[in-house]
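*Asks:* Make a model of this:
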Amino acid sequence: MIGILIVAHGSLADSLVECATHVLGQRPRGLATLDFTGHADPDERQKALQARLAELAALNDRAGDGILVLTDIYGATPSNTLCRLLEPAHIEGVSGVNLPMLLKALNYRETLALPQLVERIVEGGRNSINHISETMCHAATGR
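*Replies:* Purely as a prediction, here's the structure:
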């Protein structure tokens with residue numbers, strides 16, 4: 001099973017896990033968060049991220065499945081901190097995390113390899129952004 005770590009500003013990571021837990025009916029295992037608040041030292045943040053990655057790796061059922069790290073904004077502290085720790089096909093990162101992306105990652109992490117999971121959730125994240133028009137509302141609700 002691929003481990004999933006959400007790294008974001010404020011309490012966004014914890015909030016996304018809370019929402020996913022609500023939708024799925026229970027907190028998924030192998031899912032962790034790291035919230036960046038305030039103005040901590042970059043080295044301290046990197047150490048915290050390394051520690052979370054090590055925790056997830058230790059919980060991983062199948063050695064070598066890897067870890068997917070989801071961040072909120074590309075180019076901001078969470079993704080910049082991750083950039084120093086990426087390991088292709090073992091520790092991969094995707095920015096722009098949203099709830100549909102997280103749910104897709106949770107649903108496919110046991111059946112896809114990490115590189116394919118990255119492709120699937122990026123596509124799913126993009127496809128979940130829609131303008132809610134009258135036509136779409138009618139199609140979804142019949143109104």
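*Asks:* helix, strand or coil for residue 112?
*Replies:* coil (DSSP: H, G, I helix; E, B strand; the rest coil).
*Asks:* Isn't it up against residue 124?
*Replies:* No. Residue 112 lies out of contact with residue 124 (C-beta atoms under 8 Å); the separation is 11.9 Å. Bear in mind the C-beta positions are built from the backbone N, C-alpha and C, glycine included.
*Asks:* does the closest residue to residue 34 other than its chain neighbours sit in a helix, a strand or a coil?
*Replies:* The shortest distance from residue 34 to any non-neighbouring residue, by C-beta to C-beta, 6 or more residues apart in numbering, is to residue 7 (4.6 Å). Classification of residue 7 by three-state DSSP places it in strand.
*Asks:* and residue 7, bridged to which residues?
*Replies:* On the basis of DSSP bridges, residue 7 is bridged to residue 34, residue 71.
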